[in-house]
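Chemist: Test case, fold it:
(2 chains)
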Amino acid sequence: MAAERVAVTAAPRARGPEKGGARSAVPRAAGAGPPRPDPLHTALQTAPAPGAAEVRALIRAQLRTALGTCAIVAAVLAGLPLLALVPAVARARVHGVPLCWLVLIGGVQPFWIAIAFRQLRRAERAERAMGRG
Amino acid sequence: MTVPAVGALTALAALLGLTAALGACGRRAACTASDLLVASRGVTPWWNASAISGEYISAASFLGTAGLVLAYGADMLWLPIAAAAGHVLLLAFVTAPLRRSGAYTVSDFAEWRLGSRAVRRIVTACVCFIGWFYLLPQFEGAGVTLRVLTGAPVWAGWAVVVAVTLALVLSGGMRSITMVQAVQFWVKLAAVAVPAAALLGLWHMSGGPGPLGDGVPRFDRTTRVHMRTDAAVTVPADVTVTARGRVDGARRDGGPLALAAGRHTIGRGTDVVFPAGAAVPHAERLPAQDSGTWATPFARGEEHGLYRTYSAMLGVMLGTMGLPHILMRFYTSTSGSAARRTAALVPVLLALFYVFPALYGTFGRLYAPELLMTGDTDATVLLLPGRMLPGAPGSLLTGLVTAGAFAAFISTSCGLAVAVGGTLAQCARRTDPAAFRAGVAVALAAPLALLPGTGAHGAAGLVTVALGVSACSLCPLLVLGIWWRGLTPAGAAAGLLAGGGLAVAAGAARLCRAAPAGWPAALLAEPALLIAPGAFAAMVAVSLLTRRRVPRHTDRALRRLHCPPDPGTGRRAGPRPLVPPDRPFIA
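Modeler: Modelled structure (predicted):
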């Protein structure tokens, strides 16, 4: 099964992804299968497409990054309510305002921003690594 | 007409004028440049992220969250957190590959990835249900806004939103939608931030009570409460009021009346005047909580509170990943990596906005607590400026908030109308503007027909239903379609039908107020924790059973989804659109 797939993907690819021109004037029926090669860019056909093994490695690397982000998000979202249930945490107060209240209003969103940029950096790094390879 | 009403109507007129001007400006641009250039020119990440946040902040975020915080307290602060988390996952799993696919709508993506018209039809149905559930609170919010501020009947607000949406979408103003949406995000942010700053300053100067008050909410001054509908309220402590109208079935004509602690019914149109310092009666469905309980999650001991919280968070988070109008916006980015940078900026903008609903909810408890009695908690943001700051400055701020609220209703409605209308037209394989217009009409007419029958649910509750449907249908399809080779058309169809169908059924039951108790109630109100994993499981299981029918072009498709462009050609316009760019609804 896997060998068969490799055979399919190893076939030389006519057009690298994202090389198609949005300028193509030929209207096509919506979503009628993968796009045909673009006659305007036949010159690009000679550019070597990344090998099947490389593509698989990239997808695996990106999936690992995405799952890592997902795990962090899930851990925070699953953990915070449990933490809020701990009596000591629920009773904690800062200047008379419950700690939970402050964390929920202002503490989590900055963390999401940090996670988003971490994900962005890692995904771009994986793509650059593939470009160099 | 009252002063705040004048302020509100002026601001509404100004907002509509601004929208029309931006639309006209965009139309001129679209006439001079070719449609193709408009479609492929691309928008910078900041601009597009503003537009996405603009479309995401709907009536639920703008009015609903503050109302929920006022009524239920800290338990509701999980929702904005989950919404922003949804955008992080959208960035991680969906944006760049979806943009590289070149698909304009989710249904384009589904048909291209799986090569199946049947799957496209099911996705179209899911998009319609999500759009309809999501439009309901926009219309309802508009009705509440105009009613509370000007006393207009609720249908006036519905009519304004539908008319403006139709005019914008059908006049071709959608070409300039990016500009309109982006500007409206900053309008919305200013509309909550400026009054909030004024309120904070005022509260600080007046040396007001502690930020959370002490004990149960109390009227800070002698307050006249007008009951718009028949209602049952719970009075927390004996109090002497004056009442004009019907109380507990007996006619009162303005004399003093002793209300004992406990349940009382108040007739429609009754005015009740409470003395300063009296504890605020609560509408029967809202919990009465002291400040500590209110500000601490899970403190009010709600039945199955932990399950409800987890399920609501999962529904909002996964639902955000599958919203058709948000996904469409990434199409305006030039490339997959630009789309990813756009998505990374969205949590920043949402974090800026989401500080404010909690602030308004907190102030609402101090300065507009009678909303807990009338049950109109969605009006918290609208009423607070006028309540804390009487006179012209107050009505100016009220006007600002009104403009922001209508910006929220209109931008979300436009995005949804375009998404649903476009998806329907594509499904019918029609490219002419007439089909698109018919689709838009269907998108707007269905929720309008449902609206009179749904009763008061609150904007945030209704949006949660829409997000639940999205979480149980489109989210699994996108995640598995982008990352898993093994997805088959049959698997996708099974997951969509099972997950989407169950979520729609639960949402419909919730709208029709089928109100059982205990676990069934919790499951019906927040079904995502069961159904969403079920939908994933159904897709995987049926795909494994039909694994011989994995589409042949799967490997090519995944390569296109995940490989960045060659550095030498990376500056070219994005991938070839799967939809001809002369479609009337291209953004």
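
Chemist: quick one: whatever residue of the stretch 101-250 of chain B ends up closest to chain A from residue B:123, how far?
Modeler: Using C-beta to the nearest C-beta, residue B:111 is the residue of the stretch 101-250 of chain B that sits closest to chain A, at 3.7 Å. No exception for glycine: its C-beta is placed from N, CA and C like everyone else's. According to C-beta to C-beta, to the nearest Å, residue B:111 and residue B:123 sit 8 Å apart.

Chemist: got it, and residue B:258?
Modeler: Going from residue B:258 to residue B:123 by C-beta to C-beta gives 61 Å.

Chemist: which residue of chain B sits farthest from its center?
Modeler: Taking C-alpha atoms, centre = their mean, the residue of chain B most remote from its mean C-alpha position is residue B:255, at 43.7 Å.

Chemist: who's the residue nearest to that one when sequence neighbours are not counted bridged to?
Modeler: Take residue B:255 and drop its neighbours on the chain: the residue closest to it by C-beta to C-beta, 6 or more residues apart in numbering or on different chains is residue B:242, 6.5 Å away. Residue B:242 has the following beta-bridge partners by DSSP bridges: residue B:256, residue B:273.

Chemist: just checking, residue B:242 touches residue B:256?
Modeler: Yes: shown here, residue B:242 and residue B:256 form a contact pair, counting by C-beta atoms under 8 Å, at 5.5 Å.

Chemist: and the two? which has more neighbours close in?
Modeler: residue B:242 (17 against 10; other C-beta atoms under 10 Å in any protein chain shown).

Chemist: check contacts around the more buried one.
Modeler: Residue B:242 is in contact with B:254-257, B:272-273, counting by C-beta atoms under 8 Å, 6 or more residues apart in numbering or on different chains.

Chemist: do that again at 6 Å, thanks
Modeler: B:254, B:256, B:273 (C-beta atoms under 6 Å, 6 or more residues apart in numbering or on different chains).

Chemist: can you pull the contacts of residue B:63?
Modeler: B:141, B:378, B:381, B:459.

Chemist: now do 7 Å
Modeler: B:141, B:378, B:381, B:405, B:459 (C-beta atoms under 7 Å, 6 or more residues apart in numbering or on different chains).

Chemist: again, but for residue B:232
Modeler: B:263, B:265, B:284.

Chemist: Out of those, the closest to chain A would be?
Modeler: residue B:284 (26.2 Å).

Chemist: secondary structure class for the nearest residue to the closest one once chain neighbours are set aside?
Modeler: Spatial nearest neighbour of residue B:284, excluding adjacent residues (C-beta to C-beta, 6+ apart): residue B:232 at 4.4 Å. Secondary structure, DSSP: H, G, I helix; E, B strand; the rest coil: residue B:232 is strand.

Chemist: what is residue B:232 paired to in the beta sheet?
Modeler: Residue B:232 forms beta bridges with residue B:265, as assigned by DSSP bridges.

Chemist: can you pull the buried residues of the helix or strand hosting residue B:542?
Modeler: Element membership of residue B:542, judged by DSSP states H and E, is helix B:528-545. Residues of helix B:528-545 classed as buried: B:528-532, B:534-536, B:538-540, B:542-543 (neighbour count, 16 or more other C-beta atoms under 10 Å in any protein chain shown).

Chemist: Any idea how far the helix or strand following that helix is from the middle of the chain?
Modeler: As assigned by DSSP H and E, the chain's next helix or strand after helix B:528-545 is helix B:554-562. Offset of helix B:554-562 from its chain centre (C-alpha atoms, centre = their mean, to the nearest Å): 33 Å.

Chemist: Could you name the helices and strands sitting against helix B:554-562?
Modeler: helix A:2-10, helix A:52-85, helix B:95-101 (3 or more C-beta pairs under 7 Å, 6 or more residues apart in numbering or on different chains; DSSP states H and E).

Chemist: where does the chain dip in pLDDT?
Modeler: Answering for chain A, as no chain was given. A:1-50, A:131-133 (pLDDT under 70).

Chemist: think we crossed wires, I meant chain B
Modeler: Ranges of chain B meeting pLDDT under 70: B:1-4, B:23-42, B:172-177, B:208-214, B:455-456, B:513-516, B:566-587.

Chemist: Buried deepest among the helices and strands packed on helix B:554-562, which one?
Modeler: helix B:95-101 (a mean of 26; mean count of other C-beta atoms under 10 Å in any protein chain shown).

Chemist: is that one up against chain A anywhere?
Modeler: Yes: Helix B:95-101 reaches chain A (C-beta under 7 Å from any C-beta of the partner chain) through B:96, B:100.

Chemist: Around chain A, which positions in the stretch 1-150 of chain B sit nearby?
Modeler: So far as C-beta under 7 Å from any C-beta goes, the stretch 1-150 of chain B lies against chain A at B:36, B:39-40, B:74, B:77, B:81-82, B:84-85, B:88-89, B:91-93, B:96, B:100, B:108, B:111-112, B:115, B:120.

Chemist: Now, of the residues you listed, which are buried?
Modeler: B:36, B:39-40, B:74, B:77, B:81-82, B:84-85, B:88-89, B:91-93, B:96, B:100, B:108, B:111-112, B:115, B:120.

Chemist: now, which of those residues lie within helices?
Modeler: Members of those lying in helices (criterion: DSSP state H): B:36, B:39-40, B:81-82, B:84-85, B:88-89, B:91-93, B:96, B:100, B:108, B:111-112, B:120.

Chemist: Tally up the residues packed near residue B:438, please.
Modeler: For residue B:438, using other C-beta under 10 Å, the count is 16.

Chemist: next SSE after the helix or strand that contains it?
Modeler: Taking DSSP H and E as the definition, residue B:438 sits inside helix B:433-454. Using DSSP H and E, the next helix or strand after helix B:433-454 towards the C-terminus is helix B:459-472.

Chemist: Counting by contacts, list what that following helix packs against.
Modeler: Partner elements for helix B:459-472 (3+ C-beta pairs under 7 Å, 6+ apart): helix B:117-150, helix B:305-321, helix B:501-511, helix B:528-545.

Chemist: For the second one, list every residue counted as buried.
Modeler: Spelled out, it's helix B:305-321. Neighbour-count burial for helix B:305-321, with 16+ other C-beta under 10 Å as criterion, is recorded at B:305, B:308-321.
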